[in-house]
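Turn this into a structure:
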Amino acid sequence: MSISLCAVILAAGESTRMGRDKALLPWPPAKGGLASSATFLSASIDALSPFSELILVVSGRNHASLEATVFARSASLVTNPAPERGQFSSLQVGLREVLNRGRDAAIVTLVDRPPAAPETLQRLSTAFELARTRRQWAVVPEYAGKHGHPFIIGRELIEAFLRAPATSTARDIEHQHLQHIEYVSVADPFVTMNVDTPEDYAGLSASPRN
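Below is the predicted model:
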């Protein structure tokens, strides 16, 4: 039987280097003067919906500006009360809600990047089901030797993240449990792509998947 996943999209960042909320950047970027009505956030929700029973979007001070997009897609909005503590605190807020909703597996991604391709998400979902039969805790995508998002975690790693100090990073906790994590090679450059500045965003127009 397929494992039921709860998606967690981390979208609480201040987007200071971008100068505007990255969650609401048009996706795909405008071409020929035609702007897309979709955004990083809406595209991420749409991409994850076929693979998730429930989608949680973790917001910060941008809560009000994300509501319309989230609720229009029947996702749920969870607010990090102190987003200044950093991304790991938002991850903890989202994962606590995963457990509160009675789920014990999550597919986690960042809002500030293009969504992974459907075939990538299918590959990760299938790999996670197989990994669970080997009592592994997580699968993480790997592209060109780099690890990225979305990653899929079971209850063991969810609890490890929640036990950690808020000053930790996901990478810290991952490295403490490498023996329980499987890395899955994917042919999708978006899983490792960071979009932090206007220049990064402008460069997406030349992406092989755009």
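
next SSE after the longest helix seen in the chain?
Looking across the chain with DSSP state H, the single longest helix is helix 118-133. Next along the chain after helix 118-133, taking DSSP states H and E as the criterion, comes strand 138-143.

Output that following strand as PDB, nothing but the C-alphas.
Taking C-alpha atoms only, strand 138-143 is exported to PDB below (Å, rounded to 0.1, in the frame of the first residue of the first chain):
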ATOM      1  CA  ALA A 138      14.500   9.300   4.500                       C
ATOM      2  CA  VAL A 139      15.300   9.800   0.800                       C
ATOM      3  CA  VAL A 140      17.000  12.900  -0.500                       C
ATOM      4  CA  PRO A 141      17.400  13.900  -4.200                       C
ATOM      5  CA  GLU A 142      20.900  14.300  -5.600                       C
ATOM      6  CA  TYR A 143      21.800  16.100  -8.800                       C
END
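
Direction included, what does that strand pair against?
strand 146-147 (antiparallel), strand 151-154 (antiparallel), strand 181-185 (parallel) (DSSP bridges).

check which helix or strand covers the spatially most central residue of the chain.
Note on the chain: the residue nearest the mean C-alpha position is Thr109, at 0.8 Å, using C-alpha atoms, centre = their mean. Applying DSSP H and E as the criterion places Thr109 in strand 105-110.

Not counting that strand itself, show me its contacts.
Outside strand 105-110, the residues within contact range by C-beta atoms under 8 Å, 6 or more residues apart in numbering are 3-10, 44, 48, 51-52, 87, 91, 94-95, 98, 115-116, 121, 124-125, 128, 149-155, 158. No exception for glycine: its C-beta is placed from N, CA and C like everyone else's.

circling back: show me which positions of the longest helix of the chain end up buried.
Buried positions in helix 118-133, judged by neighbour count with 16 or more other C-beta atoms under 10 Å: Thr120, Leu121, Arg123, Leu124, Ser125, Ala127, Phe128, Ala131, Arg132.

Surely the fourth one touches Val139?
Yes. Under the criterion of C-beta atoms under 8 Å, Leu124 makes contact with Val139 at 5.7 Å.

Find the residues that touch each one of these two.
Phe151, Ile152, Val184.

By neighbours, which of those residues wins?
Ile152 (29 neighbours; other C-beta atoms under 10 Å).

which ones are touching the closest residue to Leu66 other than its chain neighbours?
Nearest-residue entry for Leu66: Ser59, 5.1 Å, with adjacent residues in sequence omitted and distances by C-beta to C-beta, 6 or more residues apart in numbering. Counting by C-beta under 8 Å, 6+ apart, Ser59 touches Ala11, Ala12, Leu66, Leu77, Val78, Thr79, Asn80.

Backbone torsions only: list them for Ser59.
phi -110, psi 170 (degrees, to the nearest 10).

do you know how far it is from Leu77?
The gap separating Ser59 from Leu77 is 6 Å, by C-beta to C-beta, to the nearest Å.
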